[in-house]
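A.B. asks: quick one, structure for this:
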Amino acid sequence: SSGINAEYGAVFDNLFVLVFGMKLNKHVSSSRRKSRKRYFNSPAHIRRRLLSAALSKELRLKYKVRSLPIHKGDEVQIVRGEKKESTAAKVTRVFRKKFVIHIERVHRTTNSGSYVNIGIHPSNVVIHKLKLNRERKELLERKLAGKMTGADKGKYTEETIDA
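C.D. replies: Take a look at the predicted model:
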């Protein structure tokens with residue numbers, strides 16, 4: 001048991017559950033070290049999902065989706081950090097290897113006078129305009145279908161309580 005003495009073990013276990021909540025999946029580690037290792041060594045198809053950005057309020061209402069993996073050609077607005085802007089600009093590159101995206105007009109000059117793009121993490125941007133292709137439309141449809149099937153999940157009505 002996790003307590004100091006065996007008789008107090010159950011008390012400490014219950015206190016842990018009350019304070020920290022229950023660990024939902026025993027196959028997923030809580031270790032910071034392992035989480036960071038998996039994040040930085042993740043393959044490209046998982047990095048795609050990790051490089052997701054929130055949708056603007058208008059797009060959220062339109063598609064009933066909160067966030068999507070970012071694509072080259074999306075119009076985004078930087079909402080956090082030093083480079084925060086009020087205007088939207090296009091994504092010029094999704095750099096999966098470095099976990100950043102490059103955006104038009106977000107660059108700095110080097111000592112030699114050339115321009116270098118500044119990497120922005122997708123969590124710091126909001127998507128204002130989607131570049132829709134066939135795969136992306138299918139993804140939006142799948143996400144919406146999943147929401148519709150789970151709409152009544154966990155909801156109790158008077159009929160279900162009486163039965």
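A.B. asks: CA atoms for contacts and neighbours, from now on please.
C.D. replies: Fine.
A.B. asks: part of a helix, is residue 135?
C.D. replies: Yes. Judged by DSSP: H, G, I helix; E, B strand; the rest coil, residue 135 forms part of a helix.
A.B. asks: find the centremost residue of the chain, please.
C.D. replies: residue 52 (4.9 Å; CA atoms, centre = their mean).
A.B. asks: burial of the nearest residue to it once chain neighbours are set aside, as a residue count?
C.D. replies: Leaving aside its chain neighbours, residue 52 sits nearest to residue 69 (3.8 Å; criterion: CA to CA, 6 or more residues apart in numbering). As a burial measure, residue 69 scores 14 neighbours (other CA atoms under 10 Å).
A.B. asks: and what of the one 4 residues further on?
C.D. replies: For residue 73, the number of neighbouring residues by other CA under 10 Å comes to 17.
A.B. asks: leaving aside the residues adjacent along the chain, what's closest to it?
C.D. replies: Using CA to CA, 6+ apart, the closest residue to residue 73 is residue 91 (5.2 Å).
A.B. asks: in contact with that neighbour: list those residues for me.
C.D. replies: With CA atoms under 8 Å, 6 or more residues apart in numbering as the criterion, the residues that contact residue 91 are 71-76, 101-104.
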